[in-house]
Structure formats: C-alpha cells, structure tokens
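Colleague: sharing a model prediction with you, sequence too.
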Amino acid sequence: MEKSKGQKYEDIILDSIADGVFTVDGKWRITSFNRAAERITGVPRSEAIGQQCRYVLKAEVCERDCCLQKTMNTGEAIVNRVVHIVDASGRRLPISISTALLRDDAGNVMGAVETFRDISVEEKLRKTIEAKYSFEDIISRNHGMHELFNVLPDVAESSSTVLLEGESGTGKELFARAIHNLSRRRSRPFVVINCGSLPDTLLESELFGYKAGAFTDAKKDKPGRFKLAEKGTIFLDEIGDISPALQIRLLRVLQERSYEPLGSIETLTADVRVIAATNKKLAELVKAGKFREDLYYRINVVRLELPPLRDRMEDVPLLVDHFIGHFNALQNKNITGVSESALACLMAYDYPGNIRELENIIERAFIMCKSGMIEPRHLPEFLKPQEEQGAAGADESMSIKDMEAIFLTNALRRNKWNRMETARQLGIHKSTLFRKIKALHIQVPKSAK
Amino acid sequence: MKIAMPVSQNRLSTVFDAADELVVLETKEGALHAASRLSLKGANVIAKAALLKSSDVQVLICGALPRPMEYMFEAAGIRTIPFIRGSVDAVFAAFQEGRLDDHVFAMPGCRRRHGQNARRTCYRHGKK
C-alpha cells in the first residue's frame, strides 16, 4: 500500500532521530522500525518488520518481564528502564527503554511503541570511574584464561587469601576486582595499595593508620587501608617489594586478623579479605631469603598465575577492539577500527609490557589518527619488524603477505616450531596454517613437529 | 553426542542469559538416545559454562549469545550455534538433518555459518 505524504514525513522524522523507535501490533509483531533501531540492534529494517519483537531486540527481559507486555496489559507507560540486549554481532549492550500504548482515533489499543537509547558509552565511562569490573571485562578467548575463569566463582566465594602472579600489565588488578565483585563482599569497599610505590615508613602508616601525635606531622587520627577495607577486600599490589619489618606486621594481620595503628595501644580487628599480587616469583624470593616463608604460605592459599600477552596472542584483536571502544567513549571520537596491515603489525610484536603496553599503543594511535581506521603509520616505529626497518630505503611499504610471514614466523618461534600448538594459539585450523607456511615460503626446521 | 539447548517453555530461550533450564539431548549413532533437563537457576555465566563442560555437552544450540560467553564455551571445547529460534523438537530435527541454516531458524539479521571454525564477523577490523 502506497504511503501517504503524512506517513512519509513521519518516517523521515523517525529516521532522523538518534533513539531507536519501533512499534508492534497486538501480537508483538514489529510494524515499524527506524534507522537508529537498525543501527543499535544490527538488524536491518527489512528483516525486522513482521517479526516478533523479542527476536529482534533480544533483551534479557523479553521472556519474563517484557516492558511492552506490561504496558499493553496495564496501559501504563514505562520510562527509562535500563535493560541489556544482544545485538546481531553478539555485543551485549545496555539500553534505556521507554514504552507507551498506541491508540487509534476511537481510543482502541492498536499496539505499542518502544523507544530505546544505546547507553553503552555512559556505562563504559561509569565503569572507568567506578572501576566496577566483572570477569566479563576480562577479554579473552584463550583456553588458559578460561581455566582461570572457571575457578573464579569458587575462589570468590571462599574468602581465602589469593596470590595473583604475573608480569607487569597482565591485568592482576582487574582480576582482583573481578574476584571481589563475584564475592559476598562485593557491596563493601575494594581498597588498593601499591606496596612497591611507597617507602617503608609511609607504607606502614598507610596500611595500619595512625593516632594523632604518633609522629610529628600526625595532627589527627587517620584510618589505615585495612580499616577502610573493613568487611571488604584489600588488594596489596607488588607484595614482593615490602621490607622484612613490614612482612612481620603483615604476617600478624593474616594470622591473628588484628593490628594496632601507629601510636595506638588499641587493637583493631581486621575483617578483610586479602588479595595480593606480584610480578616477581615469590617462591624464588623466599629461597633467596628476601621474603618470609611463613608469610608466603599465609598468602599463597590460592595462587593464580596470569599468562603474559605473548602467550595469548589470539586475544590481541579482541583487546584492540575493546580499547578502540574505550578511547572512542573517553575522547568522543569515532575511530572505526584497525586496518589489516596495522593488525598484522600489532600481531607481530611480543609485548614485554603486556596489555598495558597494548593499551598505550592504541592510545598513542588515537592521537595520530583523527578518524577512520588506524593504519601502520599511526603506530609506533618499534612495531614495524626489525628486518624491514633496516631495509626501508626508497620503499618503506611492506605487503600484507610479508607482514603475515613475519607474524607467523614469530608465532612459530614462540611455540618452538610446534605447528599444532601454533595453530591452536592462533585459533586457526592446522591445515590452514600448513597451507600458509607453504604459500609464504616459511622455512620450518626439519625437527619441527 | 550431547547437544544442549537453553529453553523457556519448550522453545529455545531468546537470550542465553535469561534461560533457567537446559535441555540436554544425547544421540547415539545419529538417533536420540536420552534426554534430560538441567537447572540453570541462579547460576552465573561461569557456573553455566562449568555445568555444560561437566555434563560433557559438545554442542550448544541457543538464542542470542553474548560474545564473551561464546568465547568461554569455545575455550571449553564446546561448539556453539547461537542466534537460533524455534521449538526444541524442530531445532533438534533440523540439526540432525543438517538444516539448521534454514532461515526459519535464524533470528532476524543474524544468519551466519555454523561450522566448527566459524568466526563472528569482525566489524572493527576492516573486513566483513
């Protein structure tokens, strides 16, 4: 049926607004679907019209607590309710929805209208500010990381002291927050202290607090981090850096769950869950006599080792995606992604600084790239392979095939030329890898598996 | 082979997160051998993944599935076929007969290859 001029005008208006808008009939079938609704859900209008709205919106509330159903049954509008949907590409998005009844001229109910807004930017910013991360914020498709995820709920539930070991920048604090947010203490404070960044005397007063007059500048009482973390969780980062004297004090807190602030004779109880982290091997420090064995065994109740990024290179594209979304939200930009050649550069690097280093690289790329896609020229020089940096004379460009060859060679070297292991790490079938090795003329040692 | 489907009133749950119950169908020599139901009530996503793994589920056919969960199941060795809709019986029959790619089972806008190594389209990396 040909649309009237008035209807076409309405469509133009609806297509020009930023909020998603759709209408349904009495059987929940979508009767109109604006451009913003297409963009947010990832479902083209042509595929949405005539379909049951729950298969298009895919919200967690669709089956049991549908807002449209509530409105249709009660006649009451719903305003700004936050729900989560899954878009067509599998992204879980928070949206704010509002609903209202649609009535004809005679006042009969024809259906309902729902408007919704993508609030994922607000949620990203809120998470950054409040640091309320869950394990879903730990981005990985790596098998080893998922083995860690599997034990997280039990670890969180237990309230046991946890030791997180891993190189700098592997996400130890993020993991600690995820454990806290899965635990019964999640509504209580999560207090962080970097033991390596403070001199001993300052660290002691920070941890345990002090009474007024305890030392020259102590003009009033100050609660320590253990007090601030009461009934919550304290995260002791760089635990391997604390002095022997402080190790003894910490041991007492873990053994007896009590301590005295500096200058106080009153003993305070410490109902605090302790999560410690280090980028050193504590067992080796114990052997070297630099860390107390009894404290080590108090901390090492549950030990989780976070793998370095070079052992989970399949996560680099996901992390790049995540950081692009993060910096787009923070800087109000619209960088659309990374080009294949830029991704090849990113995949060919070893990341001694792990995820933090990757984040810094993307942040730098955001300065160099004003819009569109991140290209190799937006990336730091050290990301370009050494062989090509030396050879770069008249021709500084490298083909995608060259980059792919370098990337695969590095991946094979990292896995000691084990092709099965390399294929598994890269998330590709072994026959694909064998084909690429042949096509790219990569020289594999005869002894390789 | 064990195939799991999160359900709501004998239809596949629209969103995996919202499902309270899992139907597990076991086949032997291509025919249905056993069927059981597992409760997912109150379980967080890690617990759901652990339940699937401990039940030896090899294939998960479900409605909308967020990416982190897809990765989690993938890492646990479970093949996922998400964004499917329909009744349990119809979906199971289609899976057995290799017809699950049919548009009647695909959620609008979500048609994709369902092979073992199928990867979600990478919207950010300059390729479709």
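Modeller: Noted; the coordinates are in hand.

Colleague: how long is stretch A:271-285 end to end?
Modeller: Stretch A:271-285 has an end-to-end distance of 28 Å (criterion: Cα to Cα, to the nearest Å).

Colleague: what separates the residue lying closest to A:Asp315 once chain neighbours are set aside from A:Lys280, distance-wise?
Modeller: Of all residues not flanking A:Asp315 in the chain, A:Ser140 sits nearest, at 4.9 Å (Cβ to Cβ, 6 or more residues apart in numbering or on different chains). Just so you know, the C-beta spots here come from the backbone N, C-alpha and C atoms, and that holds for glycine as well. For A:Ser140, the distance to A:Lys280 equals 24 Å [Cβ to Cβ, to the nearest Å].

Colleague: can you give me the neighbour number for the residue nearest to A:Asp315?
Modeller: 22 (other Cβ atoms under 10 Å in any protein chain shown).

Colleague: again, but for A:Leu254
Modeller: Look at A:Leu254: counted by other Cβ under 10 Å, it has 18 neighbours.

Colleague: what comes up buried for the helix or strand hosting it?
Modeller: Per DSSP states H and E: A:Leu254 is located in helix A:244-256. Across helix A:244-256, burial judged by 16 or more other Cβ atoms under 10 Å in any protein chain shown covers A:246-247, A:249-251, A:253-254.

Colleague: what's the following helix or strand after it?
Modeller: Following helix A:244-256 in sequence, per DSSP H and E, is strand A:258-259.

Colleague: strand partners of that next one, parallel vs antiparallel please.
Modeller: strand A:268-269 (antiparallel) (DSSP bridges).

Colleague: number of residues surrounding residue 84?
Modeller: By default, I'm working from chain A. Using other Cβ under 10 Å, A:His84 is surrounded by 18 other residues.

Colleague: wait, chain B was what I had in mind.
Modeller: Count around B:Ile84 with other Cβ under 10 Å applied: 21.

Colleague: before we move on, what SS does the residue of the stretch 201-350 of chain A found nearest chain B have?
Modeller: Nearest residue of the stretch 201-350 of chain A to chain B, counting by Cβ to the nearest Cβ: A:Gly337, 3.5 Å away. Per DSSP: H, G, I helix; E, B strand; the rest coil, the local secondary structure of A:Gly337 is strand.

Colleague: one step back: what is the helix holding A:Leu254 packed up against?
Modeller: helix A:200-208, strand A:258-259, helix A:293-299 (3 or more Cβ pairs under 8 Å, 6 or more residues apart in numbering or on different chains; DSSP states H and E).

Colleague: okay if I get the ones you listed as TSV plus mean neighbour count and distance to A:Lys384?
Modeller: Converted to TSV, these look like this (neighbours: other Cβ atoms under 10 Å in any protein chain shown; distance: least, Cβ to Cβ, whole Å):
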stretch	mean neighbour count	distance to A:Lys384
helix A:200-208	18	42
strand A:258-259	16	53
helix A:293-299	17	42
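
Colleague: tell me the buried residues in the host helix or strand of A:Ser46?
Modeller: Assigned by DSSP H and E, A:Ser46 belongs to helix A:45-48. Going by neighbour count (16+ other Cβ under 10 Å), the buried part of helix A:45-48 is A:45, A:47-48.

Colleague: for those, give me JSON lines that also has distance to chain B.
Modeller: Shown next, in JSON lines, are these (distance: Cβ to the nearest Cβ, whole Å):
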{"residue": "A:Arg45", "distance to chain B": "10"}
{"residue": "A:Glu47", "distance to chain B": "4"}
{"residue": "A:Ala48", "distance to chain B": "6"}
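
Colleague: quickly list what the residue nearest to the spatial centre of chain B is bridged to.
Modeller: Geometric centre of chain B, nearest residue: B:Ile61, 1.9 Å, by Cα atoms, centre = their mean. Bridge pairing for B:Ile61 (DSSP bridges) gives the partners B:Ile81.
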